[in-house]
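Visitor: Build me a structure from this.
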Amino acid sequence: MNFEMTDDRRMLADSLGKLLGSHFGIEHRNSVAYEAPFHDKAGWKALAEIGILYAFISEDAGGMGGSGFDLLAVFEQMGAALCPEPLLGAAMAAPLLAEAGEDLEPLLSGEAIYALAVDEPDAPWDADAGTTEGGDTLTGRKTAVYGANAATHFLVSARQAGKLSLFEVKAEQAAVSPWGMIDGGGAGELMLDATPARCLLPDAGEAIAAALDWGRLALCAEAVGAMDWCYATTLDYLKSRKQFGREIGSFQALQHRMVEMKTAIEQARSITILAADRMDSRSVAMAKSLVGRTARKVSEEAIQLHGGIGMTWEYPLSHYAKRLVMLDAQLGDADFHTARVAARYA
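Guide: Predicted structure coming up:
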């Protein structure tokens with residue numbers, strides 16, 4: 001397997017990295033990520049203008065990507081910059097809209113912001129477990145809808161004629177209660193009470209499952225980008241912080257811990273690349289399980305190696321650590337995905 005990015009993907013990642021570096025410095029990021037609307041509308045517009053959303057769609061459908069490796073190129077940069085923009089919803093919505101034969105231009109231009117609404121308060125983390133009923137209208141409640149704070153349109157899973165179907169709901173016609181996540185960025189609750197809806201896919205079970213795995217791969221890539229930042233920042237700190245008259249990075253015990261951190265990150269990167277190459281549910285579940293556990297480990301190690309400063313609001317590491325912990329929880333945590341893998345061998 002070739003672990004090197006193609007020139008096109010490298011150019012995409014570089015362009016995105018430069019934009020995020022200039023637009024989402026940590027102070028600006030924190031000023032928008034923790035207060036409504038929990039993202040930067042100008043930042044979203046800038047992302048759309050450089051064509052990032054086209055990476056989620058194949059060339060045949062009018063995009064310029066559509067593979068797992070295109071997703072990695074985008075979300076590693078998002079993780080490294082700790083960007084709170086609602087790209088996850090767009091990434092999951094793109095393949096669903098393409099399969100339904102919908103006009104993709106509103107999504108690709110950034111004019112329409114989509115969020116995928118699947119999870120329900122009293123249901124296990126499984127799209128098939130939802131109880132929302134569909135037809136010309138929808139009635140039910142969706143919870144923890146990532147990007148609901150900014151969405152103009154929702155793609156909603158609901159039962160129709162015994163099958164799991166996919167519907168489009170306009171945000172202006174639904175009751176949306178947005179809230180901020182502890183790590184910055186937004187999500188929300190979607191309440192549906194005879195809400196007008198349009199059926200896009202009458203039998204959408206497999207398509208929704210694939211879209212969720214697409215989102216999980218994006219989160220794995222985001223975690224790898226954030227972990228790379230944590231490692232580099234911790235290494236710089238160990239080289240500059242002095243104790244007992246010498247840099248603490250010269251102590252062998254701390255060097256060993258840094259090697260273990262680097263090894264864990266590279267393992268997480270490797271399994272994420274494998275999942276991007278295969279794009280099957282088993283490989284994605286394996287990646288989400290390992291990356292989730294590694295993300296927690298790296299966040300804890302980075303803070304311990306920094307000491308007290310690593311937990312302060314003013315120091316960026318504390319925000320990266322929160323995001324890494326939440327990345328494990330999003331779209332099913334490590335335990336959930338370990339069980340998914342184990343179930344295939346039962």
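Visitor: If you drop the residues flanking it in sequence, what lies closest to R9?
Guide: In space, and not counting its chain neighbours, R9 is closest to A73: 4.3 Å by Cβ to Cβ, 6 or more residues apart in numbering. Using the backbone N, CA and C atoms, a C-beta is placed for each residue, glycine as well.
Visitor: Check E247 too.
Guide: In space, E247 is closest to K239, 5.8 Å off (Cβ to Cβ, 6+ apart).
Visitor: circling back to that earlier point, looks like the residue nearest to R9 contacts A55 (just checking).
Guide: Yes - with contact defined as Cβ atoms under 8 Å, A73 counts as touching A55 (6.9 Å).
Visitor: Mutual contacts of the two, please.
Guide: Common contacts of A73 and A55 (Cβ atoms under 8 Å, 6 or more residues apart in numbering): L12.
Visitor: Would you mind finding the longest helix in this protein?
Guide: For the chain, the helix with the greatest residue count under DSSP state H is helix 205-240.
Visitor: Following the chain onward from that one, which element is next?
Guide: Under the assignment DSSP states H and E, the closest C-terminal helix or strand after helix 205-240 is strand 242-243.
Visitor: confidence score at the most far-flung residue of the chain relative to its centre?
Guide: Going by Cα atoms, centre = their mean, the residue of the chain most distant from its centre is G245, 42.7 Å out. On pLDDT, G245 comes in at 78.
Visitor: again with the one 5 residues further on
Guide: The predicted structure scores S250 at 78 on the pLDDT scale.
Visitor: Tell me the spacing between it and E4.
Guide: Plainly put, S250 is 34 Å away from E4 if you go by Cβ to Cβ, to the nearest Å.
Visitor: Compare those two (neighbour count), which wins?
Guide: Set S250 next to E4 and count neighbours by other Cβ atoms under 10 Å: S250 wins out with 13 against 7.
Visitor: and the host helix or strand of E300 with helix 205-240, angle?
Guide: E300 belongs to helix 281-306 when elements are defined using DSSP H and E. Per axes from the mean of the first three to the mean of the last three Cα atoms, to 10 degrees, the angle that helix 281-306 makes with helix 205-240 is 20 degrees.
Visitor: by contact count, what packs against the helix or strand just after helix 281-306?
Guide: Counting by DSSP H and E, the next helix or strand C-terminal to helix 281-306 is helix 316-329. Judged by 3 or more Cβ pairs under 8 Å, 6 or more residues apart in numbering; DSSP states H and E, the packing partners of helix 316-329 are helix 26-33, helix 205-240, helix 281-306.
Visitor: go again using 10 Å as the cut-off
Guide: If contacts are counted by 3 or more Cβ pairs under 10 Å, 6 or more residues apart in numbering; DSSP states H and E, helix 316-329 sits against helix 26-33, helix 68-81, helix 205-240, helix 281-306, helix 334-343.
Visitor: The fourth one - what's its average pLDDT?
Guide: With pLDDT averaged residue by residue, helix 281-306 scores 97.
Visitor: Work out the gap between that helix and the centre of the chain.
Guide: 14 Å (Cα atoms, centre = their mean, to the nearest Å).
Visitor: now the first one
Guide: Taking Cα atoms, centre = their mean, one finds the center of helix 26-33 at 18 Å from the center of the full chain.
Visitor: Any buried residues in that helix, and which?
Guide: Buried residues in helix 26-33, defined by neighbour count with 16 or more other Cβ atoms under 10 Å: 26, 29-30, 32-33.
Visitor: Likewise for the second one?
Guide: Judged by neighbour count using 16+ other Cβ under 10 Å, the buried positions of helix 68-81 are 68-81.
Visitor: Would you mind getting the angle between it and helix 26-33?
Guide: Relative orientation of helix 68-81 versus helix 26-33 (the same axes, to 10 degrees): 100 degrees.
Visitor: What helices and strands are in contact with helix 68-81?
Guide: helix 7-23, helix 87-99, helix 205-240, helix 252-278, helix 281-306, helix 316-329.
Visitor: Which secondary structure elements does the fourth one sit against?
Guide: Read it as helix 252-278. Secondary elements touching helix 252-278 (3+ Cβ pairs under 10 Å, 6+ apart): helix 68-81, helix 205-240, helix 281-306.
Visitor: nearest residue to L235 other than its sequence neighbours?
Guide: Nearest one to L235, counting by Cβ to Cβ, 6+ apart, is M258 at 6.4 Å.
Visitor: Tell me who's in contact with that neighbour.
Guide: 231, 234-235, 238, 249, 301-302, 305 (Cβ atoms under 10 Å, 6 or more residues apart in numbering).
Visitor: and it, how far is that from M181?
Guide: 29 Å.
Visitor: go on, T294?
Guide: The value you get for T294 to M181, if Cβ to Cβ is used, is 21 Å.
Visitor: picking that back up, for P106, state which of the buried residues of helix 26-33 is nearest.
Guide: V32 (23.6 Å; Cβ to Cβ).
Visitor: out of everything not next to it in sequence, what's closest to L12?
Guide: Nearest non-adjacent residue to L12, counting by Cβ to Cβ, 6+ apart: A73, 5.3 Å away.
Visitor: Confirm for me that that neighbour is in contact with G65.
Guide: Yes - counting by Cβ atoms under 10 Å, A73 does reach G65; the two are 8.1 Å apart.
Visitor: anything in contact with each of the two?
Guide: Shared contacts of A73 and G65 (Cβ under 10 Å, 6+ apart): 8-9, 12, 52, 55.
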